[in-house]
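Colleague: Below are the sequence and a predicted model for it; my questions follow.
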Protein chains: 2
Amino acid sequence: MVRLLDGNKIAQEIQDELKRKVEKLKVKGITPKLMTVMVGKDPASVSYLRRIEKAFADVGIFVELLELPENITQERLEKSILEINRDEKIHGILLQMPLPSHINIIKLSELINPNKDIDCINPINVGLFLLGYPRFEPCTPLAVYEILRRNDVNLEGKEVVVVGAAGRVGRLITLLLIRKGATVTACDITTRDLAKYTRNAEILISAVGKPRLITADMVKDDAVVIDVGVSRIEDPEMPGKFKIVGDVDFDAVKEKVSAITPVPGGVGPVTTAMLISNMVKATEMLSISHVKGDQV
Amino acid sequence: MVRLLDGNKIAQEIQDELKRKVEKLKVKGITPKLMTVMVGKDPASVSYLRRIEKAFADVGIFVELLELPENITQERLEKSILEINRDEKIHGILLQMPLPSHINIIKLSELINPNKDIDCINPINVGLFLLGYPRFEPCTPLAVYEILRRNDVNLEGKEVVVVGAAGRVGRLITLLLIRKGATVTACDITTRDLAKYTRNAEILISAVGKPRLITADMVKDDAVVIDVGVSRIEDPEMPGKFKIVGDVDFDAVKEKVSAITPVPGGVGPVTTAMLISNMVKATEMLSISHVKGDQV
């Protein structure tokens, strides 16, 4: 029998734990506040931020949205970030992607206060993560790890294949799982005969964004499959309507594996829970350093 | 016939190219200067820094050594770094490892001026490297890549195995080769049946530091073998004397592979050449920004 790795359930568990931490912070008079920054009005971003806001609110965290015009200059956007950095009432910053093409994202990421960088995009936080001294850990890799950990899937010595490993998220997943003792094979578009690798995977992770990339014949019997891909396709059963699917041909693959995450309802909600977890961590760190600061 | 990937020859080629760049800088009145910082007097560090100094001198770069006492405080060491950061006559900083155990290396690394960080240890530079926007690239991974590139070994789609991938250098090599389009399997001490993986490798890289870890039976016919390991062992032919060896059982492995790096004389000298290359890059960047600064 296949085990469905229910991301909503795991996310709920994590968020219940976080809720208790937020209550403790509130007792101390600290109300965590996240500032999300959106440039332009990408419809997918709007609906994503609405979901984020709701999830944060459920845990007791206040989210404010800063909407900026599509044609904002780099300089003005940098100024906004610096203002948020300085605001002691704000404990976390989420810079919503995509940004317009005239914006230098790396330069902007470097400006985000590393202690408020809950999405782990400032290169200094990415570097600390790679070096094994993370301040924050990137949310999607952490979600993949949490799903495995909370389902008692031990990683040490396991044969893991990451498909889409050359992308930003794929690279970070690969790194995290190497650090956790897995033997990871990093595949991508240049890999010849992808199936040769995926068929050996005890744990198969796909982070490409290409529907039905992973078919049943590519998967080992009793493997654990984590689907990080997200694509929006026209629903074959309801022409004109769209639905969200992953990289894995779910209905066929679930018949032969031991465990699998659905899309939606798998990695996605746990990633949001990890973002909230980083937010609580940021608030705790900032409130400790403020108390320390007062004593000096 | 096995091809010996001669690191000394490649390093000399690179250093000849760099020498011409340094001459151009000198014509402009800029003399690159590297400051090496050594805490305590580890004998291996002393001899390493002597080699570095000679290699840099051959290219026309002046190296100054700052020797600090073993019992220096974190605060005093940080002050030294900040002074070097500010000194406009110094274009590069090399912080020699190991540091005493009472020193917080990460905190110190974060202080190194990212534009002078030619060894790529500041987390911000590590992060930029991971994100694919490198300011500097770490020298050993770059050396591995240069050896392959200068010997026309194409990486795209190649089956690469990195042994020792959980270590700092191994992780960075893994990342760089993923970015170059290779299909990389990251193995380490937790890997069950290491030989199963290494036998499939078209390119095998070992970065462990364990003599004779890679024996002939573990290597595929006609593979390319890059030995990043460095160990000091007693010379069996001269009891009481020591010699440097790699991870690979060189004499046996060279009989079945198509190309191999020796130890010493393989990755080591090319790594030094990459350090000099970063130094020249740092000097060029700093001199451009100073000229710009003057015009403001």
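Modeller: All right, it came through fine.
Colleague: okay, CA-based contacts and neighbour counts for the rest of this
Modeller: Noted.
Colleague: burial of residue A:209, as a residue count?
Modeller: 18 (other CA atoms under 10 Å in any protein chain shown).
Colleague: Not counting sequence-adjacent ones, nearest residue to it?
Modeller: Of all residues not flanking residue A:209 in the chain, residue A:229 sits nearest, at 4.3 Å (CA to CA, 6 or more residues apart in numbering or on different chains).
Colleague: That neighbour touches residue A:205, doesn't it?
Modeller: No - look at residue A:229 against residue A:205 with CA atoms under 8 Å: they stay out of range, at 9.2 Å.
Colleague: ok, those two, which is more surrounded?
Modeller: Per other CA under 10 Å, whichever of residue A:229 and residue A:205 has more neighbours is residue A:205, with 29 against 24.
Colleague: Figure out the helix or strand that that one lives in.
Modeller: strand A:203-206 (DSSP states H and E).
Colleague: Give me the sheet partners of that strand and which way each runs.
Modeller: Using DSSP bridges, strand A:203-206 pairs in its sheet with strand A:159-163 (parallel), strand A:224-227 (parallel).
Colleague: CA-only coordinates of that strand in CSV, if you can.
Modeller: The C-alpha trace of strand A:203-206 is given here as CSV (Å, rounded to 0.1, in the frame of the first residue of the first chain):
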residue,chain,number,x,y,z
ILE,A,203,14.4,8.3,-2.9
LEU,A,204,13.5,10.2,-6.0
ILE,A,205,13.1,14.0,-6.0
SER,A,206,12.0,16.0,-9.0
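Colleague: Need the residues that contact it.
Modeller: A:158-164, A:198, A:214, A:219, A:223-229, A:247-248 (CA atoms under 8 Å, 6 or more residues apart in numbering or on different chains).
Colleague: again, 6 Å this time
Modeller: A:160, A:161, A:162, A:163, A:223, A:224, A:225, A:226, A:227, A:228 (CA atoms under 6 Å, 6 or more residues apart in numbering or on different chains).
Colleague: Stretch A:148-168 now?
Modeller: So stretch A:148-168 is contacted by A:170-171, A:181-188, A:201-208, B:178-179, B:190-192 (CA under 6 Å, 6+ apart).
Colleague: Show me these that map onto strands.
Modeller: Secondary structure assignment by DSSP state E places A:183, A:184, A:185, A:186, A:187, A:203, A:204, A:205, A:206 of those in strands.
Colleague: related to what we said a few turns ago, derive a PyMOL selection command for the buried subset of the contacts of strand A:203-206.
Modeller: Here is the PyMOL command that picks out the buried ones among the contacts of strand A:203-206, judged by 16 or more other CA atoms under 10 Å in any protein chain shown:
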select buried, chain A and resi 160+161+162+163+223+224+225+226+227+228
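Colleague: any chance of the contacts of strand A:203-206 in CSV, plus distance to residue A:32?
Modeller: Below are the contacts of strand A:203-206 laid out as CSV (distance: CA to CA, whole Å):
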residue, distance to residue A:32
A:160, 37
A:161, 38
A:162, 35
A:163, 36
A:223, 40
A:224, 36
A:225, 35
A:226, 31
A:227, 31
A:228, 29
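Colleague: Quick check, the residue in the stretch 151-296 of chain A closest to chain B?
Modeller: Residue nearest to chain B within the stretch 151-296 of chain A (CA to the nearest CA): residue A:185, separated by 4.0 Å.
Colleague: And the lengthiest helix in chain A, what's buried?
Modeller: If you go by DSSP state H, chain A has its longest helix at helix A:267-295. Going by neighbour count (16+ other CA under 10 Å), the buried part of helix A:267-295 is A:267-284, A:286-287.
Colleague: ok, and of these, which contact chain B?
Modeller: Filtering those for neighbours of chain B using CA under 6 Å from any CA of the partner chain leaves an empty set.
Colleague: Contact residues of chain A facing chain B?
Modeller: Counting by CA under 6 Å from any CA, chain A sits next to chain B at A:123-124, A:126-128, A:157, A:166, A:178-179, A:181, A:183-187, A:190-192.
Colleague: And the closest residue in space to residue A:242 that isn't next to it in sequence, what's its pLDDT?
Modeller: Nearest residue to residue A:242, sequence neighbours excluded (CA to CA, 6+ apart): residue A:234, at 4.3 Å. Residue A:234 carries a pLDDT value of 92.
Colleague: Quick check: phi and psi at residue A:234.
Modeller: The phi/psi pair for residue A:234 (degrees, to the nearest 10) reads phi -70, psi 130.
Colleague: Burial check on it, number of neighbours?
Modeller: Here the number of neighbours of residue A:234 (other CA under 10 Å) works out to 14.
Colleague: so what does the longest helix of chain A touch, helix or strand wise?
Modeller: helix A:7-27, helix A:139-150 (3 or more CA pairs under 6 Å, 6 or more residues apart in numbering or on different chains; DSSP states H and E).
Colleague: Show the pLDDT at the residue nearest to residue A:209.
Modeller: 97.
Colleague: Could you do residue A:237 as well?
Modeller: Looking at residue A:237, the pLDDT reads 88.
Colleague: Out of the strands paired with strand A:203-206, flag the one nearest residue B:93.
Modeller: strand A:159-163 (36.8 Å; CA to CA).
Colleague: Would you map the helices across the stretch 1-150 of chain A?
Modeller: Secondary structure of the stretch 1-150 of chain A (DSSP state H, counting those that start in this stretch): helices located at A:7-27, A:43-59, A:74-86, A:105-111, A:123-131, A:139-150.
Colleague: any chance of those helices in a markdown table, plus mean neighbour count?
Modeller: Listed next are the helices of the stretch 1-150 of chain A as a markdown table, based on neighbours: other CA atoms under 10 Å in any protein chain shown:
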| stretch | mean neighbour count |
| --- | --- |
| helix A:7-27 | 17 |
| helix A:43-59 | 15 |
| helix A:74-86 | 15 |
| helix A:105-111 | 17 |
| helix A:123-131 | 24 |
| helix A:139-150 | 21 |
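Colleague: Looking at the ones you listed, which is nearest to residue B:5?
Modeller: It's helix A:123-131; of the helices of the stretch 1-150 of chain A, that one is closest to residue B:5 (CA to CA) at 29.8 Å.
Colleague: average pLDDT across the closest one?
Modeller: The model assigns helix A:123-131 a mean pLDDT of 97.
Colleague: Same question for stretch A:161-177.
Modeller: Rounded mean pLDDT across stretch A:161-177 is 97.
Colleague: next one: stretch A:181-189
Modeller: Here the average pLDDT along stretch A:181-189 is 97.
Colleague: before we move on, back to that, can you list the strands paired with strand A:203-206 in a markdown table and add distance to residue A:136?
Modeller: Below are the strands paired with strand A:203-206 laid out as a markdown table (distance: least, CA to CA, whole Å):
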| stretch | distance to residue A:136 |
| --- | --- |
| strand A:159-163 | 22 |
| strand A:224-227 | 22 |
